[in-house]
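S.K.: Need a 3D model of the sequence below.
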Amino acid sequence: IEAGVLVCAPAGNDYGRNSLAPAILPGVLAVGAHRADGAMFFYSNHGPAYAGHGIAALGEAVLGATPGDAGVKAQKGTCVSVALVTGTAALLVSLQRHLGHPPDPLAVRDALLATARPCTPDQAHGQPERCLNGYLDLPAAAAHLFRDLPPLLAPEPEHTPEPDRRHTPARSTPPPQLAQPSAHQPATEHAGASRPDRPTDATIVTLTQRPDLTGTRAPSPGPSSLAFLQGDLAGRWSALAGLQHRFPQFSLRAVAPDGTIVGSGHAIPFALHASERGGRLPDGGWDELLTWAFADLHHGTPPDSLGALSIWVAPDQRGTGLADRLLAAVKDAARTAGLDQVAVPVRPTRKHHEPHTPMADYAARTRPDGLPADPWLRTHIRAGGHITGIAPASMVVAASLAQWRTWTGVPFDTDGPVLVPGALVPVHASLAHDHACYVEPNIWVCHQLH
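M.R.: Okay, here's the model as predicted:
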């Protein structure tokens, strides 16, 4: 350690609070083992001796060489999880050298420990100390280690085609508090044309790179006609569960030179190809994305896709190309994490002008050049996305008539469909039962990454 050498050692397989050298020595990176489903192995050692310098990694079904002529077979235990962590550390040291930095294995150790991902109570079998400092997170560690090099981690998007310069954003004010990505707002706020009229000088970073920006908000834009979207139940419980804080590598901020937050993006990983889902995006859209991501996190299901929940740009930044850059940065974060695609339940910009038009008909509408008529859909298609279907019940907001009156200023004094400013479809009200329900459809757009 005095010579700057990193030593990685297995925590051992002695079933419990046991101390095994050299893993117990301060400065050594001790490694525990978890199963393929994310739960810690019961035999993986833990305890005070590993406090502050231990990390958990996959220790099941890891292919490795066997003695003699036995070839390769699946291995398990802390002896294989430590091999994966050692390889990870070597990769990051190699990257340091590649970027012209002096190799610093001990800084790599510190980055791995600082970005270790907390395990759930189920994964830890009710004993959080079983997970040591947390689970290995290579993308987060790389971002933390090279956080002073944002161009490497957030490259500029490729050139995009000629924009529709006639477009003016349909809303003059953004949803409230969206400089901190909100779990209540779909990833569909239009934020500019495909090529900038006046390029922005904002820098895009993730919360992994800039954890000091967690909780930051843009200046209040004033009252919003979309306050009713804050009543979405899935969005409320995901906020209470802190789901948006679990994935700082997928939370973006656009920072102006004066430090002002002028844009944001937020996404969550999920397992689209889990056996019970079969690779089909859900009719439940935005709400179902939150549910799937929470379930996958809880059960330790490895994700294969990224679901984009929100992209927001300050009004004075529209027309600068910042929306395109945020979308490109979301896709880049997914590539960095090794995910296959970005799925977006798109909330079209102009659909609220014609709430009685079926969403399928609206999505099929194109311009003479073949691109979608809707500006935000057009931005996604120009960025390489493909419309794959409709999410007919993407967000559901059900509340009392009094609550709806507070949100919208609409009297809600008649039964049946009620037109609400900003809503994509009518809200259905019942005076007898004193409630109204809004079921918002979105359009599924997929960006394949490989």
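S.K.: Please report how far residue 20 lies from residue 231.
M.R.: Distance, residue 20 to residue 231, by C-beta to C-beta, to the nearest Å: 53 Å. (Each C-beta comes from the backbone N, C-alpha and C, glycine too.)
S.K.: ditto for residue 87
M.R.: With distances taken as C-beta to C-beta, residue 87 is found 48 Å from residue 231.
S.K.: The two: who's more crowded?
M.R.: Each of residue 87 and residue 231 has its neighbours counted (other C-beta atoms under 10 Å); residue 231 has more, 18 against 12.
S.K.: what's the spacing between the more buried one and residue 404?
M.R.: For residue 231, the distance to residue 404 - C-beta to C-beta - is 9 Å.
S.K.: What of residue 318?
M.R.: Distance, residue 318 to residue 404, using C-beta to C-beta: 29 Å.
S.K.: tell me which element residue 290 falls in.
M.R.: Using DSSP states H and E, residue 290 maps to helix 285-299.
S.K.: So for that helix, what gets flagged as buried?
M.R.: Buried residues in helix 285-299, defined by neighbour count with 16 or more other C-beta atoms under 10 Å: 285-294, 296-297.
S.K.: now swap in stretch 366-386 and tell me
M.R.: 371-372, 374-385.
S.K.: CSV for the residues you listed, including pLDDT, distance to residue 339 and secondary structure?
M.R.: What follows is those, written out as CSV (pLDDT from 0 to 100; distance: C-beta to C-beta, whole Å; DSSP: H, G, I helix; E, B strand; the rest coil):
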residue, pLDDT, distance to residue 339, secondary structure
371, 94, 26, coil
372, 94, 25, strand
374, 94, 26, coil
375, 91, 27, helix
376, 92, 22, helix
377, 95, 22, helix
378, 93, 24, helix
379, 92, 21, helix
380, 94, 17, helix
381, 95, 21, helix
382, 93, 21, helix
383, 93, 16, coil
384, 93, 15, coil
385, 95, 15, coil
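S.K.: Quick check: of these, which lies closest to residue 395?
M.R.: Set against residue 395, the nearest of the buried residues of stretch 366-386 by C-beta to C-beta is residue 376 (16.1 Å).
S.K.: What distance do you get for that closest one to residue 246?
M.R.: 27 Å.
S.K.: And for residue 361?
M.R.: 38 Å.
S.K.: So between those two, which is more surrounded?
M.R.: It is residue 246, of residue 361 and residue 246, that has more neighbours when counted by other C-beta under 10 Å, with 18 against 9.
S.K.: for the more buried one, phi and psi?
M.R.: phi -80, psi -20 (degrees, to the nearest 10).
S.K.: For it, give me its contacts.
M.R.: Going by C-beta atoms under 8 Å, 6 or more residues apart in numbering, residue 246 touches 117, 268, 297.
S.K.: Which residues are in contact with the last one?
M.R.: Spelled out, that is residue 297. 120, 243, 246.
S.K.: Pipe the residues you listed into a markdown table and attach distance to residue 340 and pLDDT per row.
M.R.: Output for those, formatted as a markdown table (distance: C-beta to C-beta, whole Å; pLDDT from 0 to 100):
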| residue | distance to residue 340 | pLDDT |
| --- | --- | --- |
| 120 | 24 | 86 |
| 243 | 21 | 73 |
| 246 | 20 | 80 |
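S.K.: low-confidence ranges in this structure?
M.R.: Scanning the chain for pLDDT under 70 picks out the ranges 148-199, 216-225, 244.
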